[in-house]
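> all I have is the shape, not the residue letters:
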């Protein structure tokens, strides 16, 4: 991912995301759901477009509060599809609502989304994709890869010599001491 490490610094949208979010472990359910949603919205589009629309997407989806999104109905779908601040793709919107409901189910079966992720054995991307496709909607290889890299579960978010990669390595060392 050396291209992103070279291009992001100093960019008003990519810079902060690269330096403070991309590749950083997360356990907060809302953040995990938002990250998955943004990756789903990004499919076929540019990441910069998603970052530009992120505030509006967050507002339209009630800050990605899982229980609120899981309760959305046809009226909410119509509202979202009329909202120019988001990516108005019905398949993606419906997938996010279904995924919120699946995250609710993961609370009962695993103690939550983060616990479900943590319970998975180390595996390659193809195994992750199979698991995500069984569990969530609109989770093809690119969505799953970027989602897991964004959380530091799969490698590749940063070049080894990127200052952020060095910071993340130090964080991991400190956590194991």
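In hand now; what should we look at? Predicted model only: the values in this text are computed from it and were never measured. Numbers count the residues shown, from 1 in each chain.

> which stretches of this structure form helices?
Listed in chain order, the helices of the chain (DSSP state H) span residues 2-7, 14-20, 29-42, 47-60, 66-70, 74-81, 90-110, 113-119, 125-135, 141-150, 163-176.

> against which helices or strands is the fifth one packed?
I take that to be helix 66-70. Judged by 3 or more C-beta pairs under 8 Å, 6 or more residues apart in numbering; DSSP states H and E, helix 66-70 is in contact with helix 29-42, helix 90-110. (C-beta placed from N, C-alpha, C; glycine too.)

> and for the first one?
When contacts are defined as 3+ C-beta pairs under 8 Å, 6+ apart, helix 2-7 sits against helix 14-20.

> who touches the helix it packs on?
4-5, 7-9, 47-48, 51, 158, 164 (C-beta atoms under 8 Å, 6 or more residues apart in numbering).

> what subset of the residues you listed is buried?
Buried members of the contacts of helix 14-20, scored by 16 or more other C-beta atoms under 10 Å, are 4-5, 8, 47, 51, 158, 164.

> of the residues you listed, closest to residue 146?
Relative to residue 146, the closest of these is residue 47; by C-beta to C-beta it sits at 8.5 Å.

> ok, the residue most central in space within the chain - contacts?
Taking C-alpha atoms, centre = their mean, the centroid of the chain lies closest to residue 35, which sits 2.1 Å from it. Each residue near residue 35 by C-beta under 8 Å, 6+ apart is listed here: 26, 147, 150-151.

> make it 10 Å
21-22, 26, 28, 64, 146-148, 150-151 (C-beta atoms under 10 Å, 6 or more residues apart in numbering).

> repeat that for residue 28.
Counting by C-beta under 10 Å, 6+ apart, residue 28 has contacts 34-35, 64, 112-114.

> now swap in residue 13 and tell me
So residue 13 contacts 47-52, 54 (C-beta under 10 Å, 6+ apart).

> one step back: can you put the buried ones among the contacts of helix 14-20 in JSON lines and add distance to residue 15 and pLDDT?
Shown next, in JSON lines, are those (distance: C-beta to C-beta, whole Å; pLDDT from 0 to 100):
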{"residue": "4", "distance to residue 15": "11", "pLDDT": "94"}
{"residue": "5", "distance to residue 15": "11", "pLDDT": "94"}
{"residue": "8", "distance to residue 15": "5", "pLDDT": "95"}
{"residue": "47", "distance to residue 15": "13", "pLDDT": "97"}
{"residue": "51", "distance to residue 15": "10", "pLDDT": "98"}
{"residue": "158", "distance to residue 15": "13", "pLDDT": "96"}
{"residue": "164", "distance to residue 15": "11", "pLDDT": "96"}
